[in-house]
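[1] model this:
(2 chains)
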Amino acid sequence: MPQLKFNLQNTDTFSKARAGTITTDHGEILTPIFMPVGTVGSVKAVTQQQLYADVKAQIILGNTYHLYLRPGIEVLEAAGGLHKFNGWQKPILTDSGGYQVFSLAANRKITEEGALFQSHIDGSKHMFSPEKVMDIERSIGADIIMAFDECPPYPSDYAYAKKSMDLTHRWLQRCVNRLAETPDKYGYSQNLFPIVQGSTYKDLREASCQYIASVNAPGNAIGGLSVGEPIEMMYEFTALCCENLPLQKPRYLMGVGTPWDLLACIALGIDMFDCVMPTRNGRNGMLFTTNGVINIRNKKWATDFSVIDAGLPNEISNFYSKAYLRHLFVANEILALQIASLQNLSFYLWLVGQAREQILKNNFANWKNDILPIIKQRL
RNA sequence: GAGGGUAUAGCUCAGUAGGUUAGAGCGACACUUUGUGGCAGUGUAGGCCGUGGGUUCGAGACCCAUUACUCUCC
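    As a prediction, this is how the structure comes out:
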């Protein structure tokens, strides 16, 4: 199968921001892009129809660990892959479960062979090796498959960070080998993205970038950031990784971030992002809007009948009022979660779309300076 | 009119046999959330315990009076 292709269209004159297109067998992705997280095959509280029409999502995520536990690989294979199962016909990216090794650390054991997990659902034990994860990701059927890595916590001492990085590199080679031995499962290409690790050590990050680049994958990811380190440090290491990863491949910064993080990291040369923030924070009443950040539960919105966000193109943000949405939150209505999630995802996709337009006009840096204080302010 | 019940945080109520800074839930307010075990979590504010007397070393608790609300009967 032909591999995923990245066409770098323009790099901003006054920053390292890039605009490009990623071509997959499920269509094109315009970068920079934000990818809504759909852990168990569903972007929480948002329908696929809304993701297409309102959010204008171009690619969504799934999670290997969670999908493996539920509904299970047998169901996904019987369905003909996740695209057919959940009806999402645009590209899908699956995370490998490496992050769950980190976030579910209480129940794990890592060895050279792989990671031993205990299911958070029923406590049953499961072994994830790089080979097994590749097989699962094949069965899920994502267009972009993340390598199985270990995400070390922050802070990690140098010795552990190096040991962990070396393990991630060896696991990467096993991922590559396994994919080479197994065919694309559903008739379209499935592309491996390796993941840079190295914690917060400059030499390790540089070495990891070099190793990851040597695999010559169709795209590269930066992992192990946004795990509790100071934000300036996150930017510093993102910049370092961008400088050490190939120009002609998309760069994916995993798990980031706030809207202002996105703009900062786009300026450093990142092309792809994912984050639970717009959906999770949305479900907890935090709205990201074109005018700033709103805690919609606050009483000040009780009688504010202006629409949620007139600056967005989607119908829902221009239909419901802030007062009504606040009421839904206070009344614990399910519709609140739906509207807030849709607002936030729409905003994120709008933001990266605007960024892309500005990059193509070589005006990204100026535009970013103008819009940053507006979207960051607390209303 | 007679008899009974209840008055404690914005709301609904706990407060053990009278004993150090009177609690909870909800609400309010603020903060947190970054490859989703999260319709979540953390914190703060807010009470001269209806009012006035009394008993006691000490009363939200006991006694008297009073006011409001409430129930039953006439």
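[2] Report the helix of chain A that spans the greatest number of residues.
    The single longest helix within chain A, with elements called by DSSP state H, is helix A:334-360.
[3] buried set for that one?
    A:336-356, A:358-359 (16 or more other C-beta atoms under 10 Å). The way it works is simple: take the backbone N, C-alpha and C, and place the C-beta from them, glycine included.
[4] Tell me who's in contact with the residue in the stretch 101-250 of chain A positioned nearest to RNA strand B.
    For the stretch 101-250 of chain A, the residue closest to RNA strand B is residue A:151, as judged by C-beta to the nearest atom of the strand, at 2.5 Å. By C-beta atoms under 8 Å, 6 or more residues apart in numbering, the contact set of residue A:151 is A:98-99, A:101-102, A:197, A:223-224, A:227.
[5] pLDDT (mean, whole number) over the longest helix of chain A?
    Helix A:334-360 carries an average pLDDT of 97.
[6] could you pull out the strands for the stretch 251-379 of chain A?
    With DSSP state E, counting those that start in this stretch as the definition, the stretch 251-379 of chain A shows strands at residue ranges A:251-253, A:272-274, A:286-289, A:292-295.
[7] could you redo those strands as a markdown table and give each row mean pLDDT, mean neighbour count and distance to RNA strand B?
    Output for the strands of the stretch 251-379 of chain A, formatted as a markdown table (pLDDT from 0 to 100; neighbours: other C-beta atoms under 10 Å; distance: least, C-beta to the nearest atom of the strand, whole Å):
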| stretch | mean pLDDT | mean neighbour count | distance to RNA strand B |
| --- | --- | --- | --- |
| strand A:251-253 | 98 | 27 | 9 |
| strand A:272-274 | 98 | 23 | 5 |
| strand A:286-289 | 96 | 23 | 4 |
| strand A:292-295 | 94 | 18 | 5 |
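[8] Mind putting the ones you listed into JSON lines with distance to residue A:85?
    Shown next, in JSON lines, are the strands of the stretch 251-379 of chain A (distance: least, C-beta to C-beta, whole Å):
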{"stretch": "strand A:251-253", "distance to residue A:85": "24"}
{"stretch": "strand A:272-274", "distance to residue A:85": "20"}
{"stretch": "strand A:286-289", "distance to residue A:85": "30"}
{"stretch": "strand A:292-295", "distance to residue A:85": "35"}
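[9] Out of those, the one nearest residue A:136 is which?
    Smallest distance to residue A:136 across the strands of the stretch 251-379 of chain A (C-beta to C-beta): 18.9 Å, for strand A:272-274.
[10] So what touches that closest one?
    A:31-37, A:61, A:93, A:219, A:250-257, A:262, A:265, A:352.
[11] who does it pair up with?
    strand A:33-35 (parallel), strand A:251-253 (parallel) (DSSP bridges).
[12] still on that earlier bit, residue A:301: which of the contacts of residue A:151 is nearest?
    The nearest one, if we look at the contacts of residue A:151 relative to residue A:301 and count by C-beta to C-beta, is residue A:227, at 33.1 Å.
[13] Which helix or strand in chain A has the lowest average pLDDT?
    Using mean pLDDT, DSSP states H and E, the weakest-scoring helix or strand in chain A turns out to be helix A:98-103, at a mean of 80.
[14] Next, the contact list for residue A:123, please.
    Counting by C-beta under 8 Å, 6+ apart, residue A:123 has no contacts.
[15] and with 10 Å instead?
    residue A:107 (C-beta atoms under 10 Å, 6 or more residues apart in numbering).
[16] Around residue A:216, how many other residues sit close by?
    11 (other C-beta atoms under 10 Å).
[17] make that residue A:265, sorry
    25.
[18] Now do the same contact list for it.
    A:17, A:32, A:222, A:225, A:234-235, A:238-239, A:242, A:251, A:253, A:256-257, A:271, A:273.
[19] Quick one, which of these are buried?
    Here, 16+ other C-beta under 10 Å leaves A:17, A:32, A:222, A:225, A:234-235, A:238-239, A:242, A:251, A:253, A:256-257, A:271, A:273 buried among those.
[20] Past the least confident helix or strand of chain A, which element shows up next along the chain?
    Remark: after helix A:98-103, the chain's next helix or strand is strand A:108-110, criterion DSSP states H and E.
[21] contacting residues around that next one?
    Taking C-beta under 10 Å, 6+ apart as the rule, strand A:108-110 contacts A:100-102, A:115-118, A:125, A:127-128, A:150, A:164, A:167.
[22] ok, which pair from the residues you listed is furthest apart?
    Pairwise over the contacts of strand A:108-110, using C-beta to C-beta, the maximum falls at A:125 and A:164, 22.1 Å.
[23] Could you list the buried residues of stretch A:92-110?
    Applying 16+ other C-beta under 10 Å to stretch A:92-110 flags A:92-102, A:104, A:108 as buried.
[24] Residue A:68 and residue A:136 touch, don't they?
    Yes - in this structure, residue A:68 is within contact of residue A:136 by C-beta atoms under 10 Å, at 5.3 Å.
[25] Find residues that contact each of these two.
    Going by C-beta under 10 Å, 6+ apart, residues that sit against residue A:68 and also against residue A:136 are A:76, A:97, A:128.
[26] Name the nearest of those relative to residue A:367.
    residue A:97 (37.3 Å).
[27] Check the gap between the closest one and residue A:284 for me.
    From residue A:97 over to residue A:284 the distance is 25 Å, taken as C-beta to C-beta, to the nearest Å.
[28] hang on, the earlier thing: and the least confident helix or strand of chain A, what does it pack onto?
    For helix A:98-103, the elements it packs on are helix A:64-69, strand A:108-110, strand A:115-118, strand A:125-128, judged by 3 or more C-beta pairs under 10 Å, 6 or more residues apart in numbering; DSSP states H and E.
[29] quick check, it touching RNA strand B?
    Yes - for a cut-off given as C-beta under 7 Å from any atom of the strand, helix A:98-103 has contacts with RNA strand B, namely A:98-100, A:102-103.
[30] distance between that helix and the chain's centre?
    Computed by C-alpha atoms, centre = their mean, to the nearest Å, the separation of helix A:98-103 from the middle of its chain amounts to 15 Å.
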